[in-house]
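A.B. asks: Provide a 3D model corresponding to the input given below.
(chains A and B)
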Amino acid sequence: MAKSEIRVGGLGGQGVILLGHIIGKAASIYDGKHATLIQAFGPEARGSACSAQVTVSDEPIGYPYVKNPDYLVIMSPDAYTQFAPQLKPTGTLLYESELITVDDRLPAGVRALGIPATRFAEELGRRLVLNIVMVGFFAGVTGLLSREAMETAVRGSVPKGTEELNLRAFRKGYEYGVELVGAATVAS
Amino acid sequence: MHADPKGVLTGIHFIDGDHAACEGALAAGCRFVAGYPITPSTEVVERFASRIPLVGGVFIQMEDEIASSIAILGGAWAGKKVMTVTSGPGLSLMMEHIGLAVITETPCVIVDVQRGGPSTGLPTLPAQADMMQVKWGSHGDYEIIALSPNSPQECFDLMIKAFNLAETYRVPVFFMMDEVVGHMTERVAIPAPEAIDIVDRKWTTKKPGEYQVYMPGEDQVPEMVKAGDGYRIHVTGLTHDERGYPAMNPVAQDKLVKRLIGKIRDHREEIVDVREDGVEGADIVVVSFGITSRVAQAAVEQARTRGVKVGHLRLVITWPFPVTRITQLAESAKAFVVPELNMGQMVLEVERAVAGRAAVISIGHAGGTVHEPITILNRIMEAAQ
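C.D. replies: Coordinates of the predicted model:
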């Protein structure tokens, strides 16, 4: 891996920035890579469009912004509309499949993988852990960073007392991702 | 001396530049901050306010930036290492007290997380357009020191240097961040306290009665005392003599202003800090600072793959400006390319140092985002023709 660019998009309050933060932290502290996180948000505390840009690289990172991501992690229809056209043709879309419908905005060649993350989060007992299900899904699908690094970053980034719940959310997303990618490989 | 362990959060962190700057200040021994929140600098004081009760010190949210900038001067004369934190509109309000800090030789650090201007401008988006304001914004003749970090790690490391310079030269030191560096999150390694060198205040050893508050040492910097130590001192914004008393005549003015300027200019070669990459013998030298240096480095590397002999000189300390080094490089370089997130400020200093011996190409930008590396690459390629 030389350099991977990741965009995370959703609504304020969904944990978009934390999702990007965990990926960056796993890469730069626990997996020996370089990572830069840039965040963009509106003035509202909740409900506005919100996105994080994460660059993960083996080399030091110069230009910090993500223009055309390799990976797009999406948790709201608006974020899909805004960011889907920017994906690299070789890129991967990871989306919340019960909130977002994939359409022809997606560049040709993009691999689109959905997960009912909100439902999974609710089944785990807290809808709030939707973003951590998506973190796990990202880790399982991409294999970009080690599972250990990702789990350590999750544990160290969530509020004290919620570590176990969040790790269950991570593992749910991770296992779903690994299975989905495995099934896709068989199908092709 | 080494850092006070109470203020040092030793370890590996994934934090943004604003938070890292705060940790740098705490590690440097800053124990008093007065500030008024303003995007994109607020996280610095937010973190300071939450950390300082555990470390031992005071944060005051003041009524405005005018009050903030005078409160820190009081804090310094009470014996603390002090800082205020702001962005462009707040910095404009602080200008009078920056002059007061200069003439009273009060060590302080002023953080400016630059955003687009003029006026309210672009609160959440970057610029590097306050570079001349910090050098010239307050009235009268003076010199200051300014540093330009380009990453969260440097926000930590250079903040310690900023405090050390403020104490060494008893001068306001500006910490010129920008919105991108402030809000960018990266790995930040905070060393053990014993690995952090701290410059203590230049306290006097003289007794009350022998001590004169503005009697300079050989380095042109006077020794300091703090309120409550039993010294009768007078500190004023008026032109003053060595005793600190007003002396409003041309002789005293000449002596004071020349010393205030001399203590920086005469130490310029010790203060300047540039990072060089392949500038020796380069045809083209890119001069940059802050966040723009990271974009410029990407362009420099691309130009090299196209066979251009291009070097990169990054200003870690922007004021004082490294005149001597640029003058040397102008002997052999064909052109200097100066990208910055303003419409041409530090390029004026490059022009002054180059003095017509090479081409100087300004790549201005109105702010709101950073340059595209391709923009800088194209100008390097043009200059190389």
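
A.B. asks: middle-most residue in chain B, spatially?
C.D. replies: Central residue of chain B (C-alpha atoms, centre = their mean): residue B:146, 2.5 Å from the mean position.

A.B. asks: how close does that one get to chain A?
C.D. replies: Counting by C-beta to the nearest C-beta, to the nearest Å, the gap from residue B:146 to chain A is 22 Å. Placement of C-beta: from N, CA and C, glycine included.

A.B. asks: again, but for residue B:48
C.D. replies: 21 Å.

A.B. asks: isn't that residue right up against residue B:21?
C.D. replies: No - Residue B:48 lies out of contact with residue B:21 (C-beta atoms under 8 Å); the separation is 9.5 Å.

A.B. asks: Looking at these two, which one has more neighbours?
C.D. replies: residue B:21 (33 against 25; other C-beta atoms under 10 Å in any protein chain shown).

A.B. asks: In this model residue B:160 seems to touch that one, though I could be wrong.
C.D. replies: No - the pair residue B:21 / residue B:160 is not scored as a contact, 10.5 Å apart, by C-beta under 8 Å.

A.B. asks: Could you pull up the residues touching residue 5?
C.D. replies: No chain was given, so I picked chain A. When contacts are counted by C-beta atoms under 8 Å, 6 or more residues apart in numbering or on different chains, residue A:5 touches A:53-55, A:66-71.

A.B. asks: wrong one, I was asking about chain B
C.D. replies: Residue B:5 touches residue B:193, counting by C-beta under 8 Å, 6+ apart.

A.B. asks: And the residue nearest the centre of chain A?
C.D. replies: residue A:73 (4.3 Å).

A.B. asks: Give me the sheet partners of the helix or strand hosting that one and which way each runs.
C.D. replies: Counting by DSSP states H and E, the element that carries residue A:73 is strand A:71-74. Strand A:71-74 has the following strand partners under DSSP bridges: strand A:3-11 (parallel), strand A:92-96 (parallel).

A.B. asks: Could you export those strands to TSV, including columns for mean pLDDT?
C.D. replies: Shown next, in TSV, are the strands paired with strand A:71-74 (pLDDT from 0 to 100):
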stretch	mean pLDDT
strand A:3-11	96
strand A:92-96	97
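
A.B. asks: Including distance to residue B:185, could these go into a markdown table?
C.D. replies: A markdown table is the format used below for the strands paired with strand A:71-74 (distance: least, C-beta to C-beta, whole Å):
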| stretch | distance to residue B:185 |
| --- | --- |
| strand A:3-11 | 13 |
| strand A:92-96 | 21 |
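
A.B. asks: and chain A, which of its residues are near chain B?
C.D. replies: A:21, A:24-25, A:28-29, A:34-39, A:61-65 (C-beta under 8 Å from any C-beta of the partner chain).

A.B. asks: Lowest-confidence one in these?
C.D. replies: On pLDDT alone, residue A:39 ranks lowest of the residues of chain A next to chain B, at 87.

A.B. asks: Quickly list what that residue is bridged to.
C.D. replies: residue A:52.

A.B. asks: contacting residues around it?
C.D. replies: A:17, A:20, A:50-53, B:183, B:185.

A.B. asks: and the two most separated of those residues?
C.D. replies: Greatest spatial distance in the contacts of residue A:39: A:50 and B:185, 14.9 Å, computed using C-beta to C-beta.

A.B. asks: Comparing these two, which shows the higher neighbour count?
C.D. replies: residue B:185 (28 against 25).

A.B. asks: doesn't residue B:152 make contact with the more buried one?
C.D. replies: Yes - with contact defined as C-beta under 8 Å, residue B:185 reaches residue B:152; the gap is 6.8 Å.

A.B. asks: what sits in contact with each of these two?
C.D. replies: B:15-16.

A.B. asks: Return the residues in contact with residue 27.
C.D. replies: Since no chain was named, I'll use chain A. A:33-35, A:54, A:56, A:144-145, A:149.

A.B. asks: my bad, the chain I had in mind was chain B
C.D. replies: B:3, B:7-9, B:156, B:159-160, B:190, B:193, B:196.

A.B. asks: And it, which helix or strand is it part of?
C.D. replies: Applying DSSP H and E, one finds residue B:27 within helix B:17-28.

A.B. asks: Whichever helix or strand comes after that helix vs helix B:17-28, what angle?
C.D. replies: Where DSSP H and E defines the elements, the next helix or strand beyond helix B:17-28 is strand B:30-35. Angle, strand B:30-35 to helix B:17-28, by axes from the mean of the first three to the mean of the last three C-alpha atoms, to 10 degrees: 140 degrees.

A.B. asks: for strand B:30-35, packing partners?
C.D. replies: helix B:42-55, strand B:58-61, helix B:65-77, strand B:81-86 (3 or more C-beta pairs under 8 Å, 6 or more residues apart in numbering or on different chains; DSSP states H and E).

A.B. asks: Which positions within the longest one qualify as buried?
C.D. replies: Right, helix B:42-55. B:42-49, B:51-52, B:55 (16 or more other C-beta atoms under 10 Å in any protein chain shown).

A.B. asks: thinking again about what came up before, among the contacts of residue B:27, which are in strands?
C.D. replies: residue B:190 (DSSP state E).

A.B. asks: For the contacts of residue B:27, work out which two are farthest apart.
C.D. replies: B:159 and B:193 (15.0 Å).

A.B. asks: Could you check which of these two has the larger neighbour count?
C.D. replies: Comparing residue B:159 with residue B:193 by other C-beta under 10 Å, the one with more neighbours is residue B:159, at 29 against 16.

A.B. asks: the helices in the stretch 151-300 of chain B, which residues?
C.D. replies: Applying DSSP state H, counting those that start in this stretch to the stretch 151-300 of chain B gives helices spanning B:152-169, B:179-183, B:250-265, B:268-271, B:291-305.

A.B. asks: Filter the contacts of residue B:27 down to the buried ones, PyMOL style.
C.D. replies: To isolate the buried members of the contacts of residue B:27 in PyMOL, using 16+ other C-beta under 10 Å:
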select buried, chain B and resi 3+7+8+9+156+159+160+190+193+196
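
A.B. asks: one step back: and the helix or strand just after the strand holding residue A:73, what does it pack against?
C.D. replies: Using DSSP H and E, the helix or strand that follows strand A:71-74 towards the C-terminus is helix A:77-83. For helix A:77-83, the contact count by 3+ C-beta pairs under 8 Å, 6+ apart identifies strand A:3-11, strand A:49-57, strand A:71-74 as packing neighbours.

A.B. asks: Perfect, that will be all.
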